[in-house]
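[1] Got a predicted structure plus its sequence, pasted below:
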Amino acid sequence: MEKAMRLDRYLVEMKKGSRSEVKKMIKSGRVSVDGETCREAERKIQPSASEVSLDGTQVGYAAYEYFMLNKPAGVVSATEDGRHKTVVSLIEDAKRRDLFPVGRLDIDTEGLLLITNDGKLAHRLLSPKKHVDKTYFARVEGRLPENAIEQFKEGLTLEDGTRTLPARLVIQKASGTAEDDGKADSSLSEIELTIHEGKFHQVKRMFEAVGCRVVYLKRLSMGSLRLDESLAPGAYRRLTEEEISKLQGEGDSGDERGLLSGKRAYLFDLDGTLVDSMWMWGAIDIEYLGKFGIPCPKDLQKAIEGMSFTETAVYFKERFSLPDSLEQIKADWTAMSIENTGQKCR
């Protein structure tokens, strides 16, 4: 049975104003429920069954929204940013205010980005144990090694010592060759790369590990979802029911236990974090803040001691002015903790 929801929360989630603004609207008689004026902000309604109107216009409800965006360069993969336009701000006809990007593309990277408020789906797509394929097109400066395909297939060691999972490299055009029209830049290679994880700047770092440099990067697909070629940079569309259904099944075809395979048990707190996992969080804090170019303060562990998972996310967002939503922060932490746990338990 659908869970009842307060009227003011319904309107806030549907982007009709802040909580205080919505309460004023309701109190002034601008809101009706099932054809009758309602002045009670706390009234409980059924989101999908109740007919809510504001100033005579019906306010439809959407529990979840899913958008495919062709991210342009110059836009940041975040919900808020003080300097740059965000990918969420490009979605002009969204009903909900809690959308976030599933994963990140660098500011200069283009291509497929899923925008949603479905945290469960985001975790499924980003979790290292699911090994969801992500395919990129890139133009690469420098001569690729003759055995580049084999090196990527075996997995690479990045400059900082991090080992990547095996990846599939397809060389569409090697540097030193030109297209028939004679206009192509023969100093660049053109490749397609499929990876199964999402480490920080991973594609760029993988090519740096073989002595090359990525000068253009575009994501083509993520799992079953492939970029709609009809979408110009900056354009978007809603996902079809078929696309959503396929994404929700990502990662189910293999060993569903993933990193838990062969382990007798893992214990989790009620908030979803690993019990006795403090050994990893210091390193995760350093890596996570490093993605934003923020050094990890020495007092951080002391400051967050005793906080719940959600309270810690709120603290991080406020203290470090993080652009990501709380859902995105927690999804990133969960994926990183699973990856760290898997590496220690292997």
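    Perfect, thanks for sending it. Numbers count the residues shown, from 1 in each chain.

[2] Wait, Arg237 touches Phe67, no?
    Yes: under the criterion of C-beta atoms under 8 Å, Arg237 makes contact with Phe67 at 7.0 Å. The way it works is simple: take the backbone N, C-alpha and C, and place the C-beta from them, glycine included.

[3] Of those two, which one has the most company?
    Phe67 (20 against 12; other C-beta atoms under 10 Å).

[4] any idea how far Leu220 is from the more buried one?
    17 Å (C-beta to C-beta, to the nearest Å).

[5] how close does the residue of the chain most remote from its centre sit to Val52?
    The centre of the chain is farthest from one residue, Glu36, which by C-alpha atoms, centre = their mean lies 40.5 Å away. In this view, Glu36 and Val52 are 11 Å apart by C-beta to C-beta.

[6] and what of Tyr236?
    In terms of C-beta to C-beta, Tyr236 sits 26 Å off from Val52.

[7] And for Pro72?
    For Pro72, the distance to Val52 (C-beta to C-beta) stands at 35 Å.

[8] Compare those two and say which is more crowded by neighbours.
    Comparing Pro72 with Val52 by neighbour count (other C-beta under 10 Å), the higher total belongs to Val52, at 20 against 16.

[9] For the residue farthest from the centre of the chain, list each beta-bridge partner.
    Glu36 has these beta-bridge partners by DSSP bridges: Val33.

[10] Per-residue confidence, it, what does it come out as?
    Looking at Glu36, its pLDDT reads 94.

[11] Return the residues in contact with Leu126.
    By C-beta atoms under 8 Å, 6 or more residues apart in numbering, the residues touching Leu126 are 102-103, 132, 198, 331-332, 335.

[12] Could you count how many residues lie near Ala49?
    9.

[13] let me fix that: Lys302
    With other C-beta under 10 Å as criterion, Lys302 counts 8.

[14] same deal with Lys173?
    Lys173: 16 surrounding residues under other C-beta under 10 Å.

[15] quick one: it and Ser189 touch, right?
    Yes: Lys173 is within contact range of Ser189, at 6.2 Å (criterion: C-beta under 8 Å).

[16] send the alpha carbons of the strand ranked longest in the chain over as PDB?
    In the chain, with assignment by DSSP state E, the single longest strand is strand 213-222. Output in PDB follows, covering the C-alpha atoms of strand 213-222 (Å, rounded to 0.1, in the frame of the first residue of the first chain):
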ATOM      1  CA  ARG A 213      47.100  11.900 -23.100                       C
ATOM      2  CA  VAL A 214      43.300  12.100 -23.600                       C
ATOM      3  CA  VAL A 215      42.400  15.400 -25.400                       C
ATOM      4  CA  TYR A 216      38.700  14.600 -26.000                       C
ATOM      5  CA  LEU A 217      36.400  12.300 -24.100                       C
ATOM      6  CA  LYS A 218      32.700  11.400 -24.500                       C
ATOM      7  CA  ARG A 219      30.700   8.700 -22.800                       C
ATOM      8  CA  LEU A 220      28.700   6.600 -25.100                       C
ATOM      9  CA  SER A 221      26.900   4.100 -22.800                       C
ATOM     10  CA  MET A 222      26.400   3.000 -19.300                       C
END
